[in-house]
Every structure is written in C-alpha cells, then in structure tokens.
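>>> How does the following fold in three dimensions:
(chains A and B)
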Number of protein chains: 2
Amino acid sequence: MHTPAELLPIIEEAISKIEYPKHPANLYEPIKYIMNLGGKRIRPVMVLMATELFTDNVLKAIDVALAIETFHNFTLVHDDIMDNAPLRRGKQTVHEKWGNNNAILSGDVMMVESNKHLSKVDISVLKPVLDTFNQTAQGVCEGQQLDMEFEQRNDVSIAEYIEMIRQKTAVLLGGAMKLGAIVGGASNENAELLYQFGENLGIAFQLQDDILDVYADPDKFGKKVGGDIVANKKTFLHLKALELAHQNETACLTSTDQDENDKINQVTALYDQYQIKELATTQMEAYLNQANHALNELSVADKRKQNFRMLVQQILERES
Amino acid sequence: MHTPAELLPIIEEAISKIEYPKHPANLYEPIKYIMNLGGKRIRPVMVLMATELFTDNVLKAIDVALAIETFHNFTLVHDDIMDNAPLRRGKQTVHEKWGNNNAILSGDVMMVESNKHLSKVDISVLKPVLDTFNQTAQGVCEGQQLDMEFEQRNDVSIAEYIEMIRQKTAVLLGGAMKLGAIVGGASNENAELLYQFGENLGIAFQLQDDILDVYADPDKFGKKVGGDIVANKKTFLHLKALELAHQNETACLTSTDQDENDKINQVTALYDQYQIKELATTQMEAYLNQANHALNELSVADKRKQNFRMLVQQILERES
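Numbering: from 1, shown residues only, chains lettered A, B, ... in the order given. Below is the predicted model of the structure:
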C-alpha cells in the first residue's frame, strides 16, 4: 500500500502525460496551465487511496483520479470568473490571462476531458462510475450556486452554510472516495461508507479552513491571515458571531470602510470574546468523528485503514 | 416509421417530462427556460431518425436525443454570454435574464444533465455512445473557439471557415446521427456513413444560413435580412467577396460607420456583381451531394431512407 505522499508522484506523472490536442492552442493552453499550477492533489490521492483499500492494482483508478482532478480544476476556472479573482495559487487566473470568454470555453472543454478520462474505466463499473460522478458534479454546481446567492443575502443560517460547504466542497471528496471504492471492487456498503468518510472529512476540512484564515500562524499560512474577514465572507465564524454577539457589536463584521488591520483586529477580538474558535473547532471535530465512525464501520482489515487515519490527523494538524 | 414531423411531438413530450431539482431555483429555472424557448429540435429529431433506420423501437434513443438537445442548448447559453447577445429566438438570453455568473453555472449543470441522460442508454452501447458524444462535444467547443478567434483576424480563408462551421455546427449533426445509429444497433460502417451524412448536411445547412441572411424573402425570413452584413460577420459570402473583388471595392464589407440599409444594399450589390450567391449555392450543393452519397452507400432498404431524402429537400428549400 502507498501512503498519500507516495501516491502523489503517481498522480503528477499521470497528469504530465495527459495529451491535449495542439489546436486551437488558446483552448488547450489554459487547461495545461491550470492543471500544472500545483495544488495538493488531495482529490485524486483520495480516489487512489480508496481503490487501494480493495485492490493492490492502484492504477486501475488512475483515469478516475484524472477525471476528478480535471473536474476540480474546471470548477476553479469557472469559479474564478464568477468571483472575479485575479490570482489562483499566487499566479494569474485563467480568465485574467486569456480573457473571460476563453476561460468559459476552456472550462467547458475540461468538463469534456473529465468525461473522456472517466469513460476509460472498465466496462463492468462504467455505469455506477458515471452515476456517481454525475451526481457529484451536479452537487458541486449546486454548492457554487448557493455560495453565490449567500453573498447577496443577510440572513444565512449556520445550517444553510454547512449545507453549502457540503455541496461545494465535501461532496467532491465524498465522490472521489466512492469512485475509488467502486473501481477497486468495493461492496455498495463499503462504497457508501467511504462516501460518508469523504463528505464528513470535507466539511471538517472547510471548517478548518475558516478557522485557519483567522488563527493561522502568519509565518506558516502562506497567505495573509484575515482574508475572509476583510472580504466580509460569510464563514462559520462570521455567522456564529452574528448569531451570538449583541447587535451593537457586529458592525465590524460587515463594515466596508474600515482600515484592513483595524477590522481584522476588531473582528478577531469579537471572535475571542464569544469563543468562536472553540465553537468552530468543536463543530469541526464532530464532523471528523463522523468521518472516523464511517471508517471504523468499513469492512476492511484495520491495518489497511492506517493511511486514512493519517489523512485525518494531517487535516487536524495542518497549518496552511 | 415516423416522419420528422411525427417525431417532433415525441421529443417535445419527453422534454416537457424532464424533472429538474427544485433547488437552487436560480440554477434550474434557466435550464427550463432555454429548453422551452422552442427551436426546430432538428438534432434530437436526427437522433431518432437514425435509430429508426435500424429498429422499430424509436424510444430506445430518447435519452440520447435529450442529451443532444440539452447539450445543444448548453452551448447556446454559453455562446450567448461570449457573443454578448441580448436575444435568443426573440426572447431575452439566459445571461440577460439571470446575469453572466448564473448563466455560466446553469450552463455547466446542463452539461452534467446531458451526461445524466446519456448514461441511461443500454449498457451494451454505453461505451461507444460516450466516446462519440465526448468527441462531438469537444469538436463543438473547438469550433466555438475558432469562431471567436476569427472575429479578431483579417486573414481567414474559405478553407478555415469551412473547417470552423464543420466543428461548430456540422459535427453535432453528424454526432446526433451516429449516436442514433449506435443505439439502433447499426454496424460501424453504417454508423460512420450516417456521421458523414449528418456532417455534410450540417455544412450545407450553415452555408444555406449564410445565403438566406442576404437573399431570404423578408416576409418569410422571421428576422431582419442582412444581419450578418451589418455585423461584418465573416460568412462564406463575405470571405468569397473579399477573395474575388478588387481591393477598392471591399471597404463596404468591413465598414462600421455606414447607414445600415446603405451598407446592406452596397454589399448585396457587390455579391451580385461577383455572383457570390451562385458560388455559395454550388458549394452548398456539393456538400448536399456528399450527404446524399453517404446516404446511398448506407446498407438499409431504400424505402427506409425516404425520410432522410425529405430532410435534405427541406433544407434545400427552406426560407428561414
């Protein structure tokens, strides 16, 4: 069995070997660009990890891993247009470099590329693989829609927020796990448990993201601490503070004319006053517990689950 | 066997029965909107016609017909964003009604919906159906990319133009035919011939479009004659005139400050002078001949081909 760190070069090599048509160059160059901007490759790693629970031939799932990573990068290209984001992983976004129209179209063709990778799986699992992938892709689109709508709303509840991050982020981790399981030959029960594992881990991952944005060590975080606060982003922490704090204390959460550092300091102080970090951590741990519970239920020899426990630990301890 | 006119209500009924999720409403309402704006449904009709060449159970291909129509409408949603088009079939475009971001995302989820329809075909043909669909979808994206790039170029050749309309328009008609054939149980040879039939018909169809824009009967055309001329669109007629006319005659083709009707009259006179309509018609007929040739080669009883000949005739004689 491979550790997550050992699976990474397998994925990087497979990505580097994908051949795109040469023409039209402006359609395919953005795909190569975004696919090679780096990133943790956590989704394709999860596909292969799930497959390896059930078979020693991890490469059986490499096409599904590429499909998932291509789909994920497609969502980044289109999301960055919608968010008007200038940078992605410290580099120009695709729409900044090639223009919005080109970015829309390159994204579209990435969706086709995902489906091409997917269609290479063994015919014996093709139908359940397609069904799981399509359901996952649809969920991710719904999550992005909710995220956009939340920006315009002032009455988003914590429950709605959790549902949004479940769709936008966690469904894809769950889907990656389930797809890997299906390709590896898992039973329906095991595939479903791995979906549960991935989805709960995904929600925990996003809550951890929300916490790190405010409480990360600036030397290790890799980007400016407090970015979500400055952007008035409706994170778990933001919504929880709105819920708990007195009305006359919450102006800083939504202010747009404050000095950035003043705003960050004031919001962080408010979070501290209401122990928002602890509440978010408790919530995150609840989802990690659910992930662990699904893992424990899995009918697989315990030693094969070791890499999964490591993954949970890494997420719990990450600093960026 | 059904005539194209008899297949239409079968398709309309199937479209009316598609169930989309209720939430998020803003993600799915645009899909219902564009899918019900009407249109000739020529692509799904072609799917069913091809299927019915090989089986009496035309409904075997209804999911593929829906996949093709959903995909086609997805391309309209995204193309209209890229072209900044306010109207589609006389109604507001999706991005005008819901905004660009919403239109991007609804389009994305339409691609997923297409794949969901597609995955319902019988497992025995699933793999070739996916391969044909993905290749078709990729071709359409490449065609749209070329079309966008041509807008910025002043040296587009006729050969390049034909290649662009082949990808952007004809590949989807060829793909529709081939998909229908595969689902109907056609041999590879027959499926390939039907692809050739559809692709050549598609190129002829687009050339006919170019001709009608200038020479249609205004009472029957349904939109303003000369729209392509006013927009300086690089149609076959435009490019042929640039090729044949003297340099000192071609200013009207690319002018932007002329009175619209003056420009239309002047360009039409130039076309007449160089017999551009006749040249375009000859070219169109050459592609129709190739389509007919593929049809003749098809190993199917001649009386089953009758509807196809009717379709060719309808395209030849259409006035809008």
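>>> Quick one: residues contacting the spatially most central residue of chain A.
Note on chain A: the residue nearest the mean C-alpha position is A:Thr169, at 4.3 Å, using C-alpha atoms, centre = their mean. Counting by C-beta atoms under 8 Å, 6 or more residues apart in numbering or on different chains, A:Thr169 touches A:143, A:202-203, A:205-206. Using the backbone N, CA and C atoms, a C-beta is placed for each residue, glycine as well.
>>> How many neighbouring residues does A:Ala191 have?
23 (other C-beta atoms under 10 Å in any protein chain shown).
>>> so which strand or helix has it?
Element membership for A:Ala191 (DSSP states H and E) is helix A:188-215.
>>> ok, and for that helix, which residues are buried?
A:190-215 (16 or more other C-beta atoms under 10 Å in any protein chain shown).
>>> same deal with stretch A:6-21?
A:7-8, A:10-11, A:14-15.
>>> Ramachandran angles for A:Gln92?
Reported as degrees, to the nearest 10, the phi and psi values for A:Gln92 are phi -50, psi 140.
>>> What helices and strands are in contact with the helix holding A:Ala191?
helix A:42-52, helix A:158-165, helix A:171-184, helix A:227-230, helix A:236-244, helix A:260-273, helix A:276-297, helix A:306-317 (3 or more C-beta pairs under 8 Å, 6 or more residues apart in numbering or on different chains; DSSP states H and E).
>>> Which one of these lies nearest to B:Thr55?
Evaluated over those, closeness to B:Thr55 peaks at helix A:171-184, with 31.3 Å, by C-beta to C-beta.
>>> Just the closest of the contacts of A:Thr169 to B:Val58, please.
Distances from B:Val58 to those, taken by C-beta to C-beta, are shortest for A:Gly143, at 37.9 Å.
>>> what helices or strands is the host helix or strand of the closest one leaning on?
Per DSSP H and E, A:Gly143 falls inside helix A:123-151. Helix A:123-151 sits against helix A:62-83, helix A:100-118, helix A:158-165, helix A:171-184, helix B:25-35, helix B:100-118, helix B:123-151, with contacts defined as 3+ C-beta pairs under 8 Å, 6+ apart.
>>> Determine which stretch of those helices is the most buried.
helix A:171-184 (a mean of 29; mean count of other C-beta atoms under 10 Å in any protein chain shown).
>>> is it anywhere near chain B?
No. On the criterion C-beta under 8 Å from any C-beta of the partner chain, helix A:171-184 is out of touch with chain B, staying 12.3 Å away.
>>> And for stretch A:98-116?
Yes. Stretch A:98-116 lies within reach of chain B by C-beta under 8 Å from any C-beta, at A:101-102, A:104-105, A:107-109, A:111-113, A:115-116.
>>> Export those as TSV, with columns for pLDDT and distance to A:Asn289.
Listed next are the residues of stretch A:98-116 next to chain B as TSV, based on pLDDT from 0 to 100; distance: C-beta to C-beta, whole Å:
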residue	pLDDT	distance to A:Asn289
A:Asn101	97	46
A:Asn102	97	45
A:Ile104	98	41
A:Leu105	98	43
A:Gly107	98	36
A:Asp108	98	40
A:Val109	98	41
A:Met111	98	35
A:Val112	98	39
A:Glu113	98	37
A:Asn115	98	36
A:Lys116	98	38
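>>> per-residue confidence at the residue lying closest to A:Phe236 once chain neighbours are set aside?
Once flanking residues are discounted, A:Phe236 sits nearest to A:Asp210: 4.8 Å by C-beta to C-beta, 6 or more residues apart in numbering or on different chains. On pLDDT, A:Asp210 comes in at 96.
>>> now A:Ser299
For A:Ser299, the predicted pLDDT is 97.
>>> And A:Lys22, by the same measure?
Note on A:Lys22: pLDDT of 95.
>>> I'd guessed it sits against A:Tyr28; true?
Yes. Under the criterion of C-beta atoms under 8 Å, A:Lys22 makes contact with A:Tyr28 at 7.4 Å.
>>> Mark out where each domain of chain A begins and ends.
Segmentation of chain A into domains, based on automatic domain parsing, reads A:1-141, A:187-320.
>>> tell me the mean pLDDT for stretch A:142-149?
Per-residue scores along stretch A:142-149 average to 97.
>>> swap in stretch A:311-320?
For stretch A:311-320, the per-residue pLDDT averages 84.
>>> May I have that stretch as CSV, with CA atoms only?
C-alpha atoms of stretch A:311-320 as CSV (Å, rounded to 0.1, in the frame of the first residue of the first chain):
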residue,chain,number,x,y,z
LEU,A,311,-5.0,11.7,6.5
VAL,A,312,-7.5,12.7,9.2
GLN,A,313,-4.5,13.5,11.5
GLN,A,314,-2.9,15.7,8.8
ILE,A,315,-6.0,17.7,8.3
LEU,A,316,-6.4,18.2,12.1
GLU,A,317,-2.9,19.4,12.4
ARG,A,318,-2.4,21.4,9.2
GLU,A,319,-1.3,25.0,9.5
SER,A,320,-2.0,26.2,5.9
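>>> Please tell me how far that stretch is from the chain's geometric centre.
Chain-centre distance of stretch A:311-320: 14 Å, with C-alpha atoms, centre = their mean, to the nearest Å.
>>> How about stretch A:79-91?
On C-alpha atoms, centre = their mean, the centre of stretch A:79-91 falls 15 Å from that of its chain.
>>> same deal with stretch A:146-153?
On C-alpha atoms, centre = their mean, the centre of stretch A:146-153 falls 18 Å from that of its chain.
>>> As a markdown table, the domains of chain A with distance to B:Ile276 would be great.
A markdown table is the format used below for the domains of chain A (distance: least, C-beta to C-beta, whole Å):
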| stretch | distance to B:Ile276 |
| --- | --- |
| domain A:1-141 | 28 |
| domain A:187-320 | 56 |
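>>> Those: which one's closest to A:Glu151?
Nearest to A:Glu151 among these is domain A:187-320 (7.6 Å), distances taken as C-beta to C-beta.
>>> Need the max-distance pair from the contacts of A:Thr169.
Most distant of these, by C-beta to C-beta, are A:Gly143 and A:Phe205, 13.8 Å apart.
>>> Alpha carbons of stretch A:136-154, as PDB, please.
Output of stretch A:136-154 as PDB, limited to C-alpha atoms (Å, rounded to 0.1, in the frame of the first residue of the first chain):
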ATOM      1  CA  THR A 136     -21.100  14.600  -7.600                       C
ATOM      2  CA  ALA A 137     -20.700  17.200 -10.400                       C
ATOM      3  CA  GLN A 138     -24.300  18.300 -10.000                       C
ATOM      4  CA  GLY A 139     -23.800  18.700  -6.200                       C
ATOM      5  CA  VAL A 140     -20.700  20.900  -6.700                       C
ATOM      6  CA  CYS A 141     -22.600  23.200  -9.200                       C
ATOM      7  CA  GLU A 142     -25.500  23.500  -6.700                       C
ATOM      8  CA  GLY A 143     -23.000  24.400  -3.900                       C
ATOM      9  CA  GLN A 144     -21.400  27.100  -6.000                       C
ATOM     10  CA  GLN A 145     -24.900  28.500  -6.800                       C
ATOM     11  CA  LEU A 146     -25.700  28.600  -3.100                       C
ATOM     12  CA  ASP A 147     -22.300  30.300  -2.400                       C
ATOM     13  CA  MET A 148     -23.100  33.000  -4.900                       C
ATOM     14  CA  GLU A 149     -26.500  33.500  -3.600                       C
ATOM     15  CA  PHE A 150     -25.300  33.800   0.000                       C
ATOM     16  CA  GLU A 151     -23.200  36.800  -1.000                       C
ATOM     17  CA  GLN A 152     -26.400  38.700  -1.700                       C
ATOM     18  CA  ARG A 153     -28.200  37.600   1.500                       C
ATOM     19  CA  ASN A 154     -28.000  38.800   5.100                       C
END
